[in-house]
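Novice: model the structure of this input:
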Amino acid sequence: MLSMLSLLVHLFLANYSAGGITKYSMHMDDVLPFGPRPRPWRLWGPLRKLDHLHPFAKPSKTYAAPSQHNGFIYAKIYGGFEKIQSSICDLVAVARLLNATLVIPEIQATTRAKGISPKFKSFSYLYDEDHFIDALSNDVAIVRGLPKDLREARKKIKFPTVSPRNSATPEYYMTEVSPRLVKSKVIGIIVNGGNCLKSILPANLEEFQKLRCRVAFHALRLRPQIQALGSQIVGRLRASGHPYLAYHPGLLRDTLAFHGCAELFQDIHTELIQSRRNQMIKRGTVKEQLTVDSVSRKMAGSCPLMPEEVGLLLQALGYPPTTIIFLAGSETFGGQRMLIPLRAMFANLVDRTSLCSQKELSDLVGPEDPLTSDLPHPPPPKSEKQLIEEWKRAGPRPRPLPPPPARPFYAHEKEGWYGWIGENDTEPDASPIECRRQAHRLLWDALDYFVSVEADAFFPGFHNDGSGWPDYSSLIMGHRLYQSPSGITYRPDRKIVAALFEDVSDHRYHPPRNWTIAAREHLNRSAGVEGIVLSATLSRPVSFLAHPLPECSCRTPKSPAVQPVKSSNGRLLFGGEEECPDWMVRSLAMASAKNSEPQNEDYEDELPEDDSSLDTQHESDRSDVNKSSEQDEEMDPDD
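Specialist: Have a look, this model is predicted:
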């Protein structure tokens, strides 16, 4: 009886102490319809302050391709997917600037790989050639190859080649390249850094900025096989009726080596990063010491956010543990071990390998020639006669026993860095298998790029890295800003995030309430106008495609009053978009009327600091709302 009495007292006290806590309840005014289940607008958008922006990259006036023909331009592009995407847009603008015919650029990562699918070669390995030529027919003349006579002369190296420096100016092409092109009629351009034309062009070249957008977001269409598989992945991610978030970690070996983030890892991974950094120092890419303080670099925002930190930030925003997260990118340095904390917080962490069968991925690659293994082969067996002859030629007896046979070599001991890191200080040249894997990474990056652009929300682990090269996450963010400006795209300031985690370094998994509110406020600001402006000041000077505003967007006439934001040099960063044409406004109004559904019109684009205050506010107005104690769609990060 005493035990029962004690239990009743405890239950009474627990019920009384929890009575003052306002439980989360989801109101229909707080969500937007999405499939069979509602989705919270505060996590998935749209953002009202940005829904007046619409993609519009058509030229201000109709103009035909130039009639004057100064010659042909052929190009070789080195680098990963993000550098290829940016370089092709710059090359089209350069061809237009020089009044030249552009030969379809060559992607060197595919030409170096021997024996890949003969059906897709170089440019067609990633993109649709026919669509690329047709979409730009009114802007630049594009051909698949040089004429036969010029092709033979190119093989004999009779034409000059140039390798423009990073972010070359238009004056460089007009004064240095144009005379050589007019003289020789053919010139080659080697692009190695991803930016062969300056990102910010003068005001009189605004049409060239729009041309870049037409190339990147319309003409550069991935080949049909990649698009079809990407659409299937998007359909599978949304099959449950829930939206999904795309996340790119940005953990690349080259990036970590460039910024000196080796100490964030352990053991062999630190040696690998330092080895690559040593190579960069010898090439002159890095002009610093080999060993730097990685902790201070991370506090300055120069290192990527670790997957564990991203998971804690998503929890602070209120994403439930059942959130579907798509892991983008062909490389995550450190492997699956780095993703264990994030996977523990969000079980629905998936990637292309878990959403596609091996046959679907192999069909995307296409038929390939088999490669001979570079593993050491055992010596051929000897006949009995040879053994007897060797015995007779041997030295005096008694003879020592022969050494035991060497153990067999396994594939993982000779492929990749396992084969050299423990034996040599210098990294060997890429093997044929590694060259083929680099070509495959282009396919995986292109596939993940498609899925990330279509995602309901996007979170970058590393963007605006300050290296001067275009980065993968920034290109996705720029494409999303152009295609769906009101979508949720977080742009965290890594310096602020690092300071936040420094404050709770000892109890980051149980942070106080004020820390959660501070992290939530910063991330929600980064998804709005403030984050766009801050990102523009960092990304636009490096890559125009990372921030294609205001040249490549228009605003509806009834859009809210927006204060234009300018940079220090007077260039518009936000708010200077032109009005959308009448035909576009009418079509948008018809589409809006057709898809109109009841939703809350009084929301803001930032998440309130305290969910309980919002719920308490609605309690008096909606007494008949069923307050469920289950946190199905949104989680309280401080529970």
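Novice: low pLDDT regions in this protein?
Specialist: Within the chain, the ranges that satisfy pLDDT under 70 run 14-39, 62-68, 373-378, 409-423, 558-562, 568, 592-639.
Novice: so what are the structural domains in it, by residue number?
Specialist: 71-223, 225-363+434-551 (the TED database).
Novice: which one of these lies closest to P404?
Specialist: P404 lies closest to domain 225-363+434-551 among these, at 29.0 Å (CB to CB). From N, CA and C alone the C-beta is placed, and that goes for glycine too.
Novice: before we move on, back to that, make a markdown table out of the domains of the chain and add mean neighbour count and distance to Q386.
Specialist: Output for the domains of the chain, formatted as a markdown table (neighbours: other CB atoms under 10 Å; distance: least, CB to CB, whole Å):
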| stretch | mean neighbour count | distance to Q386 |
| --- | --- | --- |
| domain 71-223 | 19 | 37 |
| domain 225-363+434-551 | 19 | 38 |
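Novice: show me where the stretch 201-350 of the chain has strands.
Specialist: 244-248, 324-327, 349-350 (DSSP state E, counting those that start in this stretch).
Novice: gap between V533 and H547?
Specialist: Remark: distance between V533 and H547 (CB to CB, to the nearest Å) = 9 Å.
Novice: show me the common contact partners of the two, please.
Specialist: In terms of CB atoms under 8 Å, 6 or more residues apart in numbering, V533 and H547 are both contacted by the residues L573.
Novice: redo the strands of the stretch 201-350 of the chain as TSV? Include distance to W444.
Specialist: Shown next, in TSV, are those (distance: least, CB to CB, whole Å):
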stretch	distance to W444
strand 244-248	12
strand 324-327	11
strand 349-350	14
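Novice: which of these sits closest to K566?
Specialist: It's strand 244-248; of the strands of the stretch 201-350 of the chain, that one is closest to K566 (CB to CB) at 30.0 Å.
Novice: direction included, what does the closest one pair against?
Specialist: strand 324-327 (parallel), strand 457-460 (parallel) (DSSP bridges).
Novice: coming back round to it: distance to P404 for the domains of the chain - can I get that in JSON lines?
Specialist: Shown next, in JSON lines, are those (distance: least, CB to CB, whole Å):
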{"stretch": "domain 71-223", "distance to P404": "38"}
{"stretch": "domain 225-363+434-551", "distance to P404": "29"}
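Novice: closest to L2 out of these?
Specialist: So among the domains of the chain, domain 225-363+434-551 is nearest, using CB to CB, at 35.1 Å.
Novice: what's the straight distance from one end of the closest one to the other?
Specialist: Using CA to CA, to the nearest Å, the gap from the first to the last residue of domain 225-363+434-551 comes to 32 Å.
Novice: got it, and stretch 173-184?
Specialist: Terminal-residue distance, stretch 173-184 (CA to CA): 15 Å.
Novice: name the surrounding residues that touch it.
Specialist: 70-71, 73, 94, 97-98, 100, 159-160, 162, 164, 187, 189, 197.
Novice: distance from it to the middle of the chain?
Specialist: 35 Å (CA atoms, centre = their mean, to the nearest Å).
Novice: try stretch 159-175
Specialist: Per CA atoms, centre = their mean, the centroid offset for stretch 159-175 relative to its chain is 28 Å.
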